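A.B. asks: whatever this is, show me its structure:
(chains A, B and C)
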Amino acid sequence: MIPGPVAALAVAGDVGAVVHEGRCEVLPVERLAAEVARLEARQQPRWVWWAAASDAAPVVRARVHLARAWDVAEAHRLLHGGWEAEPARCWAVAHGLPVDGIPTAPAGDLFDLVGPALPPDDVLVDDGGYLRADHHGWVRDPGHLEQWARAALGVAGLQYQAAVASSTRLAGTAASESAAALLCVELERDGLPLDRARTEELIAAAAGPRAATPADEEAARRTRDSLVLRHVQGRESTDLRNPVQVRELLAAAGVDVPSTRKWVLEPYRQVHPVVDALLTWRRDERIATTYGYRWLDANVGDDDRLRGRWSACDGAAGRMTAENGLHNLPASLRPGVAAHAGYRFVRADLGQVEPRVLAVVSGDVAFASATAADDLYAPVALRLGVERAVAKVAVLAAMYGQRSGAAGEALRGLESAYPVAMGLLDRAYAAGRRGEPLHTYGGRLVPTGRFLAERPPGTDPALDAARGRFARNAVIQGSAAELFKAWTATVRATTRDLGAEVVLCLHDELLLHVPADAADEAARRVDTALGDAARRWSGGAPVRFVADTSVIDRWSDAKD
DNA sequence: CGGTGAACGTA
DNA sequence: CGTACGTTCACCGA
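C.D. replies: Numbers count the residues shown, from 1 in each chain, chains lettered A, B, ... in the order given. Okay, here's the model as predicted:
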């Protein structure tokens, strides 16, 4: 069983169930938060639920802070790879049942009559040992919620057993990933503080003033288009949103290109003014269409906070994802992200995190010694006898699988200077080519056969190479994501008493919204948390992680 | 109407 | 120069 005090929390509709020390209480969600808070204050149990997004959300919305969790869906993704983690799937896999035997939900039509029979109404598990096919509707009966919560507890216990049986780190990773999933619910609740007026100014600079009518919007659009079209006589009817027509437009201007992609057109900026105008148009059009007034109105609340859905891991290596621009806001809009009155941001980003993660994952003692430096490329360059820039390109090429460029000689130098680290990358690449699954350092299963499954390894060299590159990258990227989440969970726990909120997680960058007079202290704790989380995550490996941490008022401040 | 690819933003 | 993700647009085929 999961060590320490454990409690289960399950919510369906406006009713929730709490199971603790063998007893169960079923409560309306209005009273649920108070009961959960009472237990948390008394015992700080590890909260078990099917998924934070469904079961923890009402409690999080009531601003109850929970310290520890076991999220069945996240544990499933960690142990078995992929993203699908419905309760029926988690249950089946935890019980060793094949997933293709999971009964499908009744559709409410005549075909239900020929499907497998449902168990009696008070029974959750069917004859085959699976969750009953209609559990989604079944659980909305408050009389069934206790069984539902206890089932989560059962699956969590099986997952814990499987985790400790297969690796010493897995249970710790599951706890950290569960904390990340809970944080995602908090991120959705809190949002990212914005300066609305400043953001509107920045949008206006790209898209023009806010249109009062659809006709005005269309006119503004034509005005933007005309700045490009005026450069080529006789092509004024070109649809700039149609790549084929744009290519014809460029050809008429004497610019013959295979595609109209930005990096293809970049060298032609000086050749013909239409190219520069087109690239400027694309940049502005991105803001006008994706991050314009519609985006602002739809996703920024009356409290001037940008909200979107968060996910604790993607389906590949396990990085966090976010919607509504939280992860891909154009840099030009960043000055609009601003701490609210009386608050400041603490911004911290990990430095050179991927090579440092490689040092941990591979256990390469020589490479680990380079991480003692603030700039690890400096000692690597010294050892290889090359310029820093060459060493950096070589390390990145080794990790990411660059196929062209002049990194060849330095790459050979890496192979002899750091054979253990390079060997790990080579083995990951080879395993990926063979379509074999890999594990991140924290134990996440990364399947490599998930895409291109219909083309088995060995039938297409290009696809084999793509799988190899994916695998080599996933081990590093996924392990880095684990370290980041361990750090973030530690920050969440250690800065809470200061009134700090984590408001953005961006792969290697963390943004906290903190009462102004506590910001300096929060920044110190962010740095301390990195050392603690890295030590715990790496098992005490002699690898140093560094963060660039600063107290700022706008996200755009203190950027490199 | 749903799926696909181009394009581009972020790390 | 690799990997990953989310969003919008135009196009294609049903």
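
A.B. asks: host element of A:Phe470?
C.D. replies: helix A:461-494 (DSSP states H and E).

A.B. asks: wait, A:Ile203
C.D. replies: helix A:196-207.

A.B. asks: repeat that for A:Ala7.
C.D. replies: strand A:6-12.

A.B. asks: so what strands line up beside the helix or strand immediately after that strand in the chain?
C.D. replies: The helix or strand immediately downstream of strand A:6-12 is strand A:15-20, counting by DSSP H and E. Note on strand A:15-20: by DSSP bridges, its sheet partners are strand A:6-12 (antiparallel), strand A:23-28 (antiparallel).

A.B. asks: for the last one, what is the distance to the chain centroid?
C.D. replies: Computed by CA atoms, centre = their mean, to the nearest Å, the chain-centroid distance of strand A:23-28 equals 33 Å.

A.B. asks: for stretch A:291-304, same thing?
C.D. replies: 22 Å.

A.B. asks: now the strands paired with strand A:15-20 in JSON lines, with mean pLDDT, mean neighbour count and distance to DNA strand C?
C.D. replies: Every C-beta, even on glycine, is put in place using the N, C-alpha and C of the backbone. Shown next, in JSON lines, are the strands paired with strand A:15-20 (pLDDT from 0 to 100; neighbours: other CB atoms under 10 Å; distance: least, CB to the nearest atom of the strand, whole Å):
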{"stretch": "strand A:6-12", "mean pLDDT": "98", "mean neighbour count": "24", "distance to DNA strand C": "24"}
{"stretch": "strand A:23-28", "mean pLDDT": "96", "mean neighbour count": "14", "distance to DNA strand C": "32"}
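
A.B. asks: go through those and name the closest to DNA strand B.
C.D. replies: Closest to DNA strand B of the strands paired with strand A:15-20 is strand A:6-12 (CB to the nearest atom of the strand; 27.2 Å).

A.B. asks: quick one: the closest one to chain centroid distance?
C.D. replies: So, by CA atoms, centre = their mean, the centroid of strand A:6-12 is 25 Å from its chain's centroid.

A.B. asks: same check on stretch A:194-207?
C.D. replies: Taking mean C-alpha positions (CA atoms, centre = their mean), stretch A:194-207 and its chain are 27 Å apart.

A.B. asks: using CSV, list the CA coordinates for that stretch.
C.D. replies: The C-alpha trace of stretch A:194-207 is given here as CSV (Å, rounded to 0.1, in the frame of the first residue of the first chain):
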residue,chain,number,x,y,z
LEU,A,194,-2.1,40.8,-17.4
ASP,A,195,-2.1,44.5,-17.9
ARG,A,196,-5.2,44.7,-20.0
ALA,A,197,-4.6,48.3,-21.3
ARG,A,198,-1.0,47.6,-22.2
THR,A,199,-1.9,44.3,-23.9
GLU,A,200,-4.6,46.1,-26.0
GLU,A,201,-1.9,48.7,-27.0
LEU,A,202,0.4,45.9,-28.2
ILE,A,203,-2.4,44.2,-30.1
ALA,A,204,-3.3,47.6,-31.7
ALA,A,205,0.3,48.1,-32.8
ALA,A,206,0.0,44.9,-34.9
ALA,A,207,-3.7,44.6,-35.8
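
A.B. asks: show residues contacting that stretch.
C.D. replies: Stretch A:194-207 is contacted from outside by A:210, A:220, A:224, A:283-284, A:287-288, A:291-293, A:296, A:300, A:304-306, A:332-333, A:335-338, A:554, using CB atoms under 8 Å, 6 or more residues apart in numbering.

A.B. asks: counting contacts, what elements does the particular helix or strand that has A:Ile287 in it pack onto?
C.D. replies: Using DSSP H and E, A:Ile287 maps to helix A:273-289. Counting contacts by 3 or more CB pairs under 8 Å, 6 or more residues apart in numbering; DSSP states H and E, helix A:273-289 packs against helix A:196-207, helix A:214-229, helix A:243-252, helix A:262-265.

A.B. asks: where along the stretch 401-550 of chain A do the helices fall?
C.D. replies: A:408-417, A:419-433, A:461-494, A:519-538 (DSSP state H, counting those that start in this stretch).

A.B. asks: looking at those helices, which one is packed in the most?
C.D. replies: helix A:461-494 (a mean of 22; mean count of other CB atoms under 10 Å).

A.B. asks: do that helix and DNA strand B meet at all?
C.D. replies: No: using CB under 7 Å from any atom of the strand, helix A:461-494 never reaches DNA strand B; the gap is at least 7.6 Å.

A.B. asks: next, the angle from that helix to helix A:519-538.
C.D. replies: 130 degrees (axes from the mean of the first three to the mean of the last three CA atoms, to 10 degrees).

A.B. asks: give me the most central residue, chain A.
C.D. replies: A:Met320 (1.0 Å; CA atoms, centre = their mean).

A.B. asks: list the contacts for it?
C.D. replies: Applying CB under 8 Å, 6+ apart, the residues near A:Met320 are A:Ala180, A:Cys184, A:Trp310, A:Ser311, A:Ala312, A:Cys313, A:Asp314, A:Ala481, A:Phe484, A:Lys485, A:Cys505, A:His507.

A.B. asks: redo the residues you listed as JSON lines? Include pLDDT.
C.D. replies: Compiled in JSON lines, the contacts of A:Met320 are given as follows (pLDDT from 0 to 100):
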{"residue": "A:Ala180", "pLDDT": "97"}
{"residue": "A:Cys184", "pLDDT": "97"}
{"residue": "A:Trp310", "pLDDT": "96"}
{"residue": "A:Ser311", "pLDDT": "95"}
{"residue": "A:Ala312", "pLDDT": "96"}
{"residue": "A:Cys313", "pLDDT": "93"}
{"residue": "A:Asp314", "pLDDT": "90"}
{"residue": "A:Ala481", "pLDDT": "96"}
{"residue": "A:Phe484", "pLDDT": "97"}
{"residue": "A:Lys485", "pLDDT": "97"}
{"residue": "A:Cys505", "pLDDT": "97"}
{"residue": "A:His507", "pLDDT": "95"}
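
A.B. asks: which of the residues you listed are buried, as a ChimeraX select command?
C.D. replies: Buried subset of those, written as a ChimeraX selection, criterion 16 or more other CB atoms under 10 Å:
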select /A:180,184,310,311,312,313,481,484,485,505,507
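
A.B. asks: restrict the contacts of A:Met320 to those near DNA strand C?
C.D. replies: A:Ser311, A:Asp314.

A.B. asks: and the contacts of A:Met320 as a markdown table, adding distance to A:His20?
C.D. replies: Below are the contacts of A:Met320 laid out as a markdown table (distance: CB to CB, whole Å):
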| residue | distance to A:His20 |
| --- | --- |
| A:Ala180 | 24 |
| A:Cys184 | 24 |
| A:Trp310 | 28 |
| A:Ser311 | 28 |
| A:Ala312 | 25 |
| A:Cys313 | 28 |
| A:Asp314 | 33 |
| A:Ala481 | 32 |
| A:Phe484 | 32 |
| A:Lys485 | 27 |
| A:Cys505 | 30 |
| A:His507 | 36 |
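
A.B. asks: out of the contacts of A:Met320, which are inside strands?
C.D. replies: Within these, residues falling in strands by DSSP state E are A:Trp310, A:Ser311, A:Cys505.

A.B. asks: what's next to the strand ranked longest in chain A, contact-wise?
C.D. replies: Using DSSP E to define each element, chain A has its longest strand at strand A:343-351. With CB under 8 Å, 6+ apart as the test, strand A:343-351 has contacts from A:193, A:339, A:374, A:480, A:483-484, A:487, A:500, A:503, A:508-516, A:519, A:522-523, A:526-527, A:530, A:545-555, A:557-558.

A.B. asks: may I see the buried residues of that strand?
C.D. replies: A:Tyr343, A:Arg344, A:Phe345, A:Val346, A:Arg347, A:Ala348, A:Asp349, A:Leu350.

A.B. asks: tell me the helix or strand right after that strand.
C.D. replies: helix A:353-362.

A.B. asks: and the helix or strand following that next one, what does it pack against?
C.D. replies: For helix A:353-362, the following helix or strand on the C-terminal side (DSSP H and E) is helix A:365-370. Based on contacts counted as 3+ CB pairs under 8 Å, 6+ apart, the elements that helix A:365-370 packs against are helix A:353-362, helix A:377-384, helix A:419-433.

A.B. asks: tilt between the second one and helix A:353-362?
C.D. replies: Read it as helix A:377-384. Using the same axes, to 10 degrees: helix A:377-384 against helix A:353-362 is 60 degrees.

A.B. asks: thanks a lot, catch you later.
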